[in-house]
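Colleague: Next input, structure requested:
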Amino acid sequence: MTDLIKLSDEELVKSFVSGKKKCFDVLLERHKQKVFSYIFMMVRKEELTEDLFQDTFVKVYHTLQDGRYAENGRFVSWVMRIAHNLIIDHFRRQKHFPVVYNDDHARDLFNHPRYSDQTIEDQMVMEEVLKDVSELVELLPDNQREVVKMRHYMGLSFKEIADETNVSINTALGRMRYALINLRRMMEERSCSLSVF
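Modeller: Okay, the predicted model is just below:
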């Protein structure tokens, strides 16, 4: 097991595919904190985070086992994308079957008019804001759009973004800066308000 820890992600993937099942345990152990933290940051519920985390690694396991993983030296980014897609799927399902957890709040939501009156409106406003932001991000130049998505949708650090895109950290930061400038300009041109309140 100690020798396996020294292997790179790609070496572990190859070994797992060739039959060394312990390699998957090493990959899981290596990346579980980052993936779990990202999911929790997005959903803010521990039980749901655990479910999505488990679903993520089940999907990773089966995809690797079936030989459908395309090696590109970006294993952890691929895992984060799977997690991100599962989170999006969850929220899409929630739109059709919304659930409110009363136990999660200090006040009783079901008996407090301030919260119950605004819940649907707030949700609609938030969905509209997220839709507007998503549309604006798609209008950015490719390299700026890539940095924004890696930073804000996948939760990567600027160092990880620099490594993934084969540029310096300063270049990654510069692309983010120009992306934000462009997003502000586009918002002004379209008179967009991205305020939730």
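Colleague: all contacts plus neighbour counts: C-alpha atoms, from now on.
Modeller: Will do.
Colleague: Now do the helix or strand hosting residue 185: distance to the chain's middle.
Modeller: In this assignment (DSSP states H and E), residue 185 forms part of helix 169-189. Here helix 169-189 is found 20 Å from its chain centre; the criterion is C-alpha atoms, centre = their mean, to the nearest Å.
Colleague: Of all the residues in that helix, which ones are buried?
Modeller: 169, 172-173, 175-176, 179-180, 182-183, 186-187 (16 or more other C-alpha atoms under 10 Å).
Colleague: Then stretch 68-88?
Modeller: Going by neighbour count (16+ other C-alpha under 10 Å), the buried part of stretch 68-88 is 69, 75, 77-84, 86-87.
Colleague: Looking at the record's assignment, how would you partition the protein?
Modeller: Here the domain parsing of the chain from automatic domain parsing is 1-99, 108-197.
Colleague: Same list (these) but as TSV, adding mean pLDDT.
Modeller: Converted to TSV, the domains of the chain look like this (pLDDT from 0 to 100):
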stretch	mean pLDDT
domain 1-99	87
domain 108-197	76
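Colleague: Please enumerate the strands of this structure.
Modeller: Assigned by DSSP state E, the chain shows no strands.
Colleague: From residue 156, how far out is residue 163?
Modeller: 10 Å (C-alpha to C-alpha, to the nearest Å).
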